[in-house]
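>>> 3D model of this:
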Amino acid sequence: MEYLATLGSAIGPEAQIDLILQYLNINYAQFIMNYNMNEIDKTPTEFLAMLKTAETNIQKASPVPIMMVNKESAKGKGKWKGKKRMGSKSAAAPKTAPKQALKPGGGVAKGDICHYCKKSSHWKRNCHAYLEDLKKKKASSASNSGTAGK
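Residues are numbered from 1 along each chain as shown. Sure, this is the predicted structure:
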């Protein structure tokens, strides 16, 4: 635009801003709509300052790219190694069985004792005395709650 002004074909400030708005990419769609709806009157230099601010906001709001690793390619193509797939290259990967929940491993170590009866070879959650006392407490609380209302 400065070059056109030196040649003697100056463009007005509104036309300059309109030209800039037309050449902005789709990331500036919100900025363009806001500018047009609010009928902002700015000089081209003020408009460029607004664009710089909008550009920093767009860069902050843009999602961070995430790199994904394909399990199949990481293992040397697994069971498909050396075999040709039928159909297109974009065929869906074969379905795998759902993963089962992890179960705790190991058991009671030699030094472990029950915190309830103080005997070794089991933990409190498996202690017969503790479980019986729990049943008695539940039964007594159930019978007490039934008579409390009378």
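
>>> Could you list the low-pLDDT ranges of the protein?
Counting by pLDDT under 70, the chain contains low-confidence ranges at 62-65, 70-98, 101-108, 146-150.

>>> quick one: the helices in it?
Using DSSP state H, the helices of the chain run over residues 2-7, 13-23, 29-37, 44-61, 71-74, 128-148.

>>> Quick one: closest of the ones you listed to Lys110.
Between Lys110 and the helices of the chain, the shortest gap by Cβ to Cβ is with helix 128-148, which sits at 20.6 Å. Every residue, glycine included, has its C-beta placed from N, CA and C.

>>> I'd like to know which elements that closest one is packed against.
Where contact means 3 or more Cβ pairs under 8 Å, 6 or more residues apart in numbering; DSSP states H and E, helix 128-148 is not packed against any helix or strand.

>>> CA-only coordinates of that helix, as PDB, when you get a sec.
Extracted C-alpha coordinates of helix 128-148, given in PDB (Å, rounded to 0.1, in the frame of the first residue of the first chain):
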ATOM      1  CA  HIS A 128     -12.200 -64.700  60.900                       C
ATOM      2  CA  ALA A 129     -12.500 -63.000  64.300                       C
ATOM      3  CA  TYR A 130     -12.800 -59.600  62.700                       C
ATOM      4  CA  LEU A 131     -15.400 -60.700  60.100                       C
ATOM      5  CA  GLU A 132     -17.500 -62.300  62.900                       C
ATOM      6  CA  ASP A 133     -17.400 -59.200  65.000                       C
ATOM      7  CA  LEU A 134     -18.500 -57.100  61.900                       C
ATOM      8  CA  LYS A 135     -21.500 -59.400  61.400                       C
ATOM      9  CA  LYS A 136     -22.400 -59.100  65.100                       C
ATOM     10  CA  LYS A 137     -22.200 -55.300  65.000                       C
ATOM     11  CA  LYS A 138     -24.400 -55.200  61.900                       C
ATOM     12  CA  ALA A 139     -27.000 -57.500  63.400                       C
ATOM     13  CA  SER A 140     -27.000 -55.500  66.700                       C
ATOM     14  CA  SER A 141     -27.300 -52.100  64.900                       C
ATOM     15  CA  ALA A 142     -30.100 -53.400  62.700                       C
ATOM     16  CA  SER A 143     -32.000 -54.700  65.700                       C
ATOM     17  CA  ASN A 144     -31.400 -51.400  67.600                       C
ATOM     18  CA  SER A 145     -32.600 -49.300  64.700                       C
ATOM     19  CA  GLY A 146     -35.800 -51.300  64.500                       C
ATOM     20  CA  THR A 147     -36.700 -50.700  68.100                       C
ATOM     21  CA  ALA A 148     -35.700 -47.100  68.300                       C
END
